[in-house]
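In: What follows is a protein structure lacking sequence information:
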């Protein structure tokens, strides 16, 4: 096998791995979107107005990120997961469970955003291995934005 063919096969394998991790991100954003809606609708207490608005801001962020990743995946020849059953199966984030206090909702969102950062970092490494600078750059931007959200939510919690 020639060096060029070996390199081509290696990049193709890395591209498949990248597509897999991008689909995990799409699934995660989709489940998080629904979870944030749950929190948006069911938050109660003295921080209702603040958190109601913040959860809406975050589910809009989840929608934008999910769409951007899906469009990038299509651009590199992949197929975004597009059914709830696929998304639930692949998601690194769990669905909302029961009624939580406002503080527990925020703690859950912080944990989920940290999980998404971990999956995004896997995507950054996969994009680098696939020599896909555009995807790598997109994902680095996501990480910076999520780090800020995590910091702000932790500040709300007094952490």
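Out: That came through fine. All values reported here derive from a predicted model rather than from experimental measurement.
In: helices or strands next to the strand or helix carrying residue 31 in the packing?
Out: Following DSSP states H and E, one finds residue 31 within helix 3-42. Helix 3-42 sits against helix 48-75, helix 84-90, helix 102-129, with contacts defined as 3 or more CB pairs under 8 Å, 6 or more residues apart in numbering; DSSP states H and E. Using the backbone N, CA and C atoms, a C-beta is placed for each residue, glycine as well.
In: ranking the ones you listed by burial, who's on top?
Out: Per residue and on average, the most neighbours among those fall to helix 102-129, with a mean of 19 (mean count of other CB atoms under 10 Å).
In: can you give me the offset of that one from its chain's centre?
Out: Relative to its parent chain, helix 102-129 has a centroid offset of 6 Å by CA atoms, centre = their mean, to the nearest Å.
In: How about stretch 152-159?
Out: 20 Å.
In: So which bits of it are buried?
Out: Buried residues in stretch 152-159, counted by 16 or more other CB atoms under 10 Å: 153, 156.
In: contacting residues around it?
Out: 47, 50, 54, 103, 106-107, 109-110, 113 (CB atoms under 8 Å, 6 or more residues apart in numbering).
In: Alright, calling it a day.
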